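Trainee: Pasting the sequence and the predicted model now:
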Amino acid sequence: MTIPEIIDFLKLNWSEPAHTTKDHMESLFRFACSFTEGHPGLPENYPYNVPTEVKDFWATASTAELFQDVDYGQWGLEILSPEESASRSERDREYYPDFRSDELIIGRFRGDSEILIVSCGDDEYGTIRVGLPIDKYPDWPVVAKNFKEFLEKYAEADGNKYWEHHRARKG
């Protein structure tokens, strides 16, 4: 699937609040996905070398709320706009001293302090990582090789943090 196809899938299946089902049990809360209109392009002189998948997302939807808990607001992922991503990344460097200068915060998880990061540097270009507030940078999990893979896995998991189950098995 392409990024616009993933967004269309989420709009089709999650625009109206609904319960998720896991192990044949319905969730207590209702979740929904919402999107704002796409961004025509990155601002001039944007300070990051943004991977194509993220640009494609922003061209289709400037911001999004993915699997937001519509009843209590304690779950979900907010995808930030290009401007919010750049300003949040610069501001949060003081809170996360190991946070690399070639990484961009593209989202934040509701109900906790985790952040969604994309690498914009040559070393791990396009890699998606989740920043955990109590862990040191080297322990922040790489959750996908690119943003498209992340969105596919996140949608397939109905907004559950699929990487947590994987980490629990390893540790």
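Mentor: In hand now; what should we look at? Quick caveat: nothing in here was measured; it's all calculated off a predicted structure.
Trainee: Quick check: neighbours of the strand ranked longest in the chain in the sheet, parallel or antiparallel?
Mentor: For the chain, the strand with the greatest residue count under DSSP state E is strand 25-35. Sheet pairing of strand 25-35 (DSSP bridges) gives strand 18-22 (antiparallel), strand 64-69 (antiparallel).
Trainee: among those strands, which is nearest His39?
Mentor: strand 64-69 (11.6 Å; Cβ to Cβ). C-beta coordinates here come from the backbone N, C-alpha and C atoms, glycine included.
Trainee: for the residue lying farthest from the centre of the chain, phi and psi?
Mentor: In the chain, His24 marks the outermost C-alpha relative to the chain mean, sitting 26.4 Å out by Cα atoms, centre = their mean. Main-chain torsions, His24, degrees, to the nearest 10: phi 60, psi 20.
Trainee: nearest spatial neighbour of Thr124, skipping sequence neighbours?
Mentor: Careful, residue 124 is Glu and not Thr. Of all residues not flanking Glu124 in the chain, Val142 sits nearest, at 7.7 Å (Cβ to Cβ, 6 or more residues apart in numbering).
Trainee: dump the residue contacts of the one you found.
Mentor: 124, 127-129 (Cβ atoms under 8 Å, 6 or more residues apart in numbering).
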